[in-house]
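Novice: My questions concern the predicted model and sequence given below.
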Amino acid sequence: EFHKQAKIKSGIYNQKKLNTVLNRLRSFQDPIPLSTLTPGFLRDFENSMVKEKKHPNYITDTLARIRTVVNEVLRDGAMEYHKNPFLQYKLNYVRTERERLEITDIEKLEKADLIGKPFLARDIYIFSFYCGGLRFGDICRLTKDNVVDGRLVYQMNKTKVNRNIKMHPKAVAIFKSYDFQFPIGINFNRVEESISSRNAEMNRHLKTACKEAKVKGISMHTARHSIADYAVKQKLGTRELKGILGHQKIETTEGYMKSFYQEESDEVMDKLFSNKKAQR
C-alpha cells in the first residue's frame with residue numbers, strides 16, 4: 001500500500017507534512033494499493049480537491065509530495081518504472097501575486113492597539129520587515145548572541161549563508177523589548193515540525209492583528225515581499241535588493257523585481273493614458 005511505503009520513506013518530509021498528505025489521501029480512498037496509483041487516480045484526487053475549493057498551488061504541492069514518495073518507492077524497486085503515474089501526469093503551478101503590505105500599511109500595523117498573541121505576531125512581522133525580510137524560521141533561532149554592536153549576525157537556515165546586517169533602530173527596540181528572544185515556544189528537539197506549527201499559529205494571530213489595524217491580512221513570509229516592494233519603490237537596484245534579501249542568485253532577485261516593476265509599469269500606463277484622455 002502507498003501509505004505503508006510512505007511511512008517507510010518518512011525521512012523525506014517532516015512527519016507533520018507527511019501526515020497531512022496521508023490524511024487527505026485517506027479521506028479520498030483508504031487503503032490505496034500501489035497498483036491503483038494511476039494517472040486516472042491522480043486526476044480524480046485532484047478533482048476532489050478542486051471541489052473543496054483548495055488553492056491550485058495547494059493541490060499541486062500535495063501531489064508533488066506524493067510524487068516524491070513515489071520516486072523513492074521506484075528507487076527501491078517496490079514499483080516498476082513504467083507504472084510511475086507521474087510519467088503521464090503533469091504538475092502545474094499557478095503564478096500568483098506576491099502579497100505584501102505598502103509602507104503606509106506597515107505604519108498602520110505598527111500603531112495598532114493590540115494585546116496577547118496578535119501583539120507578538122505583529123512585532124515579529126515588523127521586526128522581519130526592518131531586518132530585510134528575515135524568514136520566520138531564522139527569527140525562531142535568534143538569541144542575544146546574534147546581536148553584535150547593533151548588527152544582526154546569523155546564518156540563514158534555508159541556504160546556510162552567513163549574514164551580517166545593520167539593524168534598523170525599530171528592529172533593535174522590538175527585539176530588546178523581548179530580552180532578545182521572541183517567546184514563540186519552539187521545541188528544539190523537533191525543531192522543523194515545531195517551527196512549521198508555530199508559523200501557522202503566528203499567521204493566524206497576524207491576520208487578527210491586520211484586521212485590527214484595518215489592513216489586508218497577510219502571512220509572516222510576506223514581510224520579504226513587503227521590504228522588496230518598498231525597496232523597488234525607493235529605486236534600489238537589483239544587486240542592492242539581492243543584498244537586503246540575502247539571495248544567493250541574482251536570478252531570484254530579478255524574479256522578485258519583475259513582478260513589482262510590472263505592476264508599477266501598469267499603474268504608470270494607466271495614469272499616462274487617463275491623463276491623455278482627460279486632455280482630449
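Specialist: Thanks, I have the structure now. All values reported here derive from a predicted model rather than from experimental measurement.

Novice: centre of the chain versus the helix or strand encompassing residue 64, how much separation?
Specialist: Per DSSP states H and E: residue 64 is located in helix 56-75. Relative to its chain's centre, helix 56-75 lies at 19 Å (Cα atoms, centre = their mean, to the nearest Å).

Novice: Ok, stretch 111-126 next?
Specialist: 19 Å.

Novice: Can I get that stretch in CSV? Just the C-alpha atoms.
Specialist: The C-alpha coordinates for stretch 111-126 follow below in CSV (Å, rounded to 0.1, in the frame of the first residue of the first chain):
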residue,chain,number,x,y,z
LYS,A,111,0.3,51.8,15.5
ALA,A,112,-2.4,49.2,16.1
ASP,A,113,-3.6,48.7,19.7
LEU,A,114,-3.1,45.0,20.3
ILE,A,115,-2.7,42.6,23.1
GLY,A,116,-1.6,38.9,23.5
LYS,A,117,-0.5,36.8,20.6
PRO,A,118,-1.7,39.3,17.9
PHE,A,119,0.7,41.8,19.6
LEU,A,120,3.5,39.3,19.4
ALA,A,121,2.8,38.3,15.8
ARG,A,122,2.7,42.0,14.7
ASP,A,123,6.0,42.6,16.4
ILE,A,124,7.6,39.6,14.7
TYR,A,125,6.4,40.8,11.3
ILE,A,126,7.6,44.4,11.8
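
Novice: tell me the mean pLDDT over it?
Specialist: Stretch 111-126 carries an average pLDDT of 97.

Novice: Please enumerate residues in contact with that stretch?
Specialist: 106, 109-110, 136, 139, 170-171, 174, 177-178, 182-184, 201-203, 205-206, 208-209, 212-213, 218, 220, 223 (Cβ atoms under 8 Å, 6 or more residues apart in numbering). For every residue, glycine as well, the C-beta is placed using N, CA and C.

Novice: cool, stretch 147-156 as well?
Specialist: By Cβ under 8 Å, 6+ apart, stretch 147-156 touches 131, 134-135, 138, 141-142, 146, 161-167, 171-172, 175, 180, 246.

Novice: and if we set it to 6 Å?
Specialist: Stretch 147-156 has contacts (Cβ atoms under 6 Å, 6 or more residues apart in numbering) with 131, 138, 146, 162, 163, 164, 165, 166, 167, 246.

Novice: and if you look at stretch 192-206?
Specialist: With Cβ under 6 Å, 6+ apart, stretch 192-206 has contacts from 14, 16, 117-118, 121, 125, 136-137, 140, 184, 186-187, 219-220.

Novice: to the chain's geometric centre, what's the distance from that stretch?
Specialist: 11 Å.

Novice: that older thread, please identify the buried residues of the helix or strand just after the helix holding residue 64?
Specialist: Next helix or strand after helix 56-75 toward the C-terminus (DSSP H and E): helix 103-111. Across helix 103-111, burial judged by 16 or more other Cβ atoms under 10 Å covers 105, 106, 108, 109, 110.

Novice: Hmm, the third one is touching residue 215, no?
Specialist: Going back to what we said before, that points to residue 108. Yes: contact criterion Cβ atoms under 6 Å: residue 108 and residue 215 qualify, at 5.4 Å.

Novice: Residue 154: what secondary structure?
Specialist: When classified by DSSP: H, G, I helix; E, B strand; the rest coil, residue 154 comes out as strand.

Novice: Good, we can wrap up now.
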